[in-house]
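K.L.:
got a structure for you, letters missing:
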C-alpha cells in the first residue's frame, strides 16, 4: 500500500493498493479512531452491482451503521434533481454533521456525492472510493465537487476536500475498456503539462505494465498542484489542458461522447492552435495525437470549431471578456494564455498572430 498525504486546509490521506476495498473499514477506523459515524454510501446502479453490497456488508460487520443510495449511472444523472434526491435520502436516514458520506464509483458519483456532502447541513465529511481510472487519478483528489446544469458542465459546485481517499486498482478489472481509456486521456494530460518522462512512458505503450505506479504518480502530481493552489486561481487551472473544448464537445454531443474522449480531442485542438500561434513547438500536437490513438482515443471532431467556441463561452475559466486557455510551452510544461473572447475563434483557426 502506498500513502500520499495531501496538505490542504483540510489535510487527508490517499491510500493506493490492490485489495484496499476489503480494507476500507480498517482505513476508515484509522481516519476516525474509535468513533463509529453513520456512513451514507452513495453510488450508481452499475457500480452497485459489483461493489455496493460487498462494501456495505464489510462496513456493517465492522460496526458502522450504513445506509445506501443508488442512482442511475451516467453524466445525465449529475444534476440538481439527483442532488435533491440525495438530500431527501440523507434527511430520512438522519445524517448529521458527525456522520460521513461515502462516494463509491467514478467521477460522476464522486462529484455529485461530494457536492451533496459539501452542502448538506453546510458540510459533512465525505470519503472517496473511486472505481474508475479517471476518478482515481483526477476527480477524487483535490476537493472539486459539483453538478451540471443545462448551460454547462460543473457550473454549480463547491470546493470540499475528502477526509480520505481509497484507491484500489483491482476494481478496474470490472471497468469497460471505453471508460479505462477515459482515464488514459487524463493521464496523458498530466504527462503533457507536468512530466515529460511520464508522457514518454505513455508514448512507449508501457502504461498497463506500470498501472499502479502510474496511478500514484498522477495523484502525486495533482497533489503538488493542489497544495499550491487549492482554490483554482492560478497554477491549478493548468490541469484543465484540453478541457475547455473537451467540455464543449461533451455538451454539443449531449454527453454521448465521454469526458476522456472530449479531453483527448480538446488537447489536440488547442495544441494545433497554439503551434500556429507560435506558443508551442511544432510537432507537439502530432506527438499527442499519436500517443492518444494507440490507446483508442479520438483526436478529431466533426463539430464546427465556431460552434465549439460558442459553447466554450460558458467555461469556468472565462473571466469577463477573456478566457484562459492552457497551452504547452513544451511537453512537460504548460502555461495559461488569456485570449479575448471575441478573438477565440480566430485563435483557433488563424495561422498566426492570435
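P.N.:
Yep, that arrived. In this text, all values refer to a predicted model and were calculated from it rather than measured experimentally.
K.L.:
count the neighbours of residue 229 for me.
P.N.:
For residue 229, the tally of surrounding residues (other CB atoms under 10 Å) stands at 15. (C-beta placed from N, C-alpha, C; glycine too.)
K.L.:
wouldn't it be in contact with residue 236 here?
P.N.:
Yes: between residue 229 and residue 236 there is a contact under CB atoms under 8 Å: 4.0 Å.
K.L.:
ok, residue 299 touching residue 265?
P.N.:
Yes: taking contacts as CB under 8 Å, residue 299 lies within contact range of residue 265: 6.1 Å.
K.L.:
the two: who's more crowded?
P.N.:
residue 265 (27 against 19).
K.L.:
list the buried ones in the helix or strand that that one is a member of?
P.N.:
For residue 265, the host element (DSSP states H and E) is helix 259-276. Within helix 259-276, the residues scored as buried using 16 or more other CB atoms under 10 Å are 259-276.
K.L.:
counting by contacts, list what it packs against.
P.N.:
Counting contacts by 3 or more CB pairs under 8 Å, 6 or more residues apart in numbering; DSSP states H and E, helix 259-276 is packed against helix 177-194, helix 243-252, helix 284-293, strand 322-330, helix 344-349.
K.L.:
in the third one, what's buried?
P.N.:
The one in question is helix 284-293. 284-285, 287-289, 291-292.
K.L.:
ok and the one helix or strand residue 216 maps to relative to helix 177-194, angle-wise?
P.N.:
Residue 216 is part of helix 211-228, with elements assigned from DSSP H and E. Between the axis of helix 211-228 and that of helix 177-194 there is an angle of 50 degrees, by axes from the mean of the first three to the mean of the last three CA atoms, to 10 degrees.
K.L.:
any weak-confidence spans in the chain?
P.N.:
Judged against pLDDT under 70, the low-scoring parts of the chain cover residues 316-317, 351-354.
K.L.:
can you give me the strands for it?
P.N.:
2-6, 12-16, 39-44, 66-71, 100-105, 125-130, 144-149, 152-159, 164-167, 318-319, 322-330, 333-340 (DSSP state E).
K.L.:
want to throw these into CSV with mean neighbour count?
P.N.:
Below are the strands of the chain laid out as CSV (neighbours: other CB atoms under 10 Å):
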stretch, mean neighbour count
strand 2-6, 15
strand 12-16, 20
strand 39-44, 26
strand 66-71, 19
strand 100-105, 28
strand 125-130, 27
strand 144-149, 22
strand 152-159, 18
strand 164-167, 26
strand 318-319, 12
strand 322-330, 20
strand 333-340, 16
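K.L.:
looking at those strands, which is closest to residue 29?
P.N.:
Using CB to CB as the measure, strand 164-167 is the one of the strands of the chain that comes nearest residue 29, at 10.6 Å.
K.L.:
for the closest one, name the packing helices and strands.
P.N.:
Packing partners of strand 164-167 (3+ CB pairs under 8 Å, 6+ apart): strand 12-16, helix 24-32, strand 125-130.
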